[in-house]
Every structure is written in C-alpha cells, then in structure tokens.
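Q: Below is the sequence, then the predicted model.
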Amino acid sequence: QVQLVESGGGLVQTGGSLRLSCAASGRTFSGYNIGWFRQAPGKEREFVSVIRWTAGSTYYADSVKGRFTISRDNAKNTVDLQMNWLKPEDTAVYYCVARQGYYSGRSDLYPYWGQGTQVTVSS
C-alpha cells in the first residue's frame with residue numbers, strides 16, 4: 001500500500017520561501033508520477049506540480065512556474081517542492097499525490113493522497 005507523508009508547511013510572509021517534502025513508501029515507484037495538489041478554502045483542488053519518478057520530467061501549473069521547483073531523491077524516496085516568492089494566493093492545504101502511468105493534471109486520476117500540510121502566506 002502506497003503511503004505519502006507531507007512535511008514542511010507553515011506560515012510565511014509574502015515573498016518568502018518554504019520547502020515541502022513528501023516521503024513515499026509502500027512500493028518501488030518506477031513508472032509513477034508523484035507531486036502536489038493544493039486546495040484553498042472554498043475552492044476546488046488545484047494541480048501544482050508533478051515529477052515522473054523514473055525520467056525526472058517535471059510539470060507545473062502556470063500559476064507557479066518560475067517560482068516553484070519540484071525535485072526527487074530516489075535513494076530516500078522523497079519528493080520536495082521548493083516554493084519561492086510566495087503570494088497570499090498560494091495559501092492552501094498542499095497534498096502529496098501519486099499515480100502510476102502517464103502524467104495527468106486531473107486530481108481524480110490520482111489514487112494516492114497524503115494527509116496534507118497547511119501553507120499560509122500573509123500579506
């Protein structure tokens with residue numbers, strides 16, 4: 001059973017940085033996509049970024065391109081999201097997600113979700 005555990009959320013001022021980490025366990029992740037969605041209060045879950053575990057290809061939402069960087073550590077089975085130049089609109093619960101197969105930006109195609117970590121950006 002795939003398990004995803006997030007860490008690294010918190011409170012930061014506009015323009016600041018945070019680094020989220022997702023520890024993945026339960027199987028080998030060759031052929032998987034692992035990444036992040038977020039959900040702000042009263043809004044739908046939103047794609048943020050995904051990395052393909054084997055090839056290392058990365059995908060980003062337009063709203064975070066140039067500010068966020070996703071990376072993986074194959075030895076540690078972790079996926080990190082470095083978030084720079086944070087804005088109040090980045091405030092949300094951030095979820096680590098995983099799926100096998102091709103990349104998708106649709107939340108309903110990801111069967112594995114972590115519990116989430118809160119990111120709050122103050123103005």
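A: In hand now; what should we look at?
Q: from here on, contacts and neighbour counts on C-alpha atoms
A: OK.
Q: What are the buried residues along stretch 23-42?
A: Taking 16 or more other CA atoms under 10 Å as the basis for neighbour counts, the residues of stretch 23-42 that come out buried are 23, 24, 29, 32, 33, 34, 35, 36, 37, 38, 39, 40.
Q: and those, which of them are in strands?
A: Among the buried residues of stretch 23-42, the members found in strands (DSSP state E) are 23, 24, 32, 33, 34, 35, 36, 37, 38, 39.
Q: Just the pLDDT at the nearest residue to the third one once chain neighbours are set aside, thanks.
A: Right, residue 32. The shortest distance from residue 32 to any residue that is not its chain neighbour, by CA to CA, 6 or more residues apart in numbering, is 4.2 Å, and that residue is residue 100. Reading off the per-residue confidence, residue 100 sits at a pLDDT of 95.
Q: got the contact list for residue 12?
A: By CA atoms under 8 Å, 6 or more residues apart in numbering, the contact list for residue 12 reads 18, 119, 120, 121, 122.
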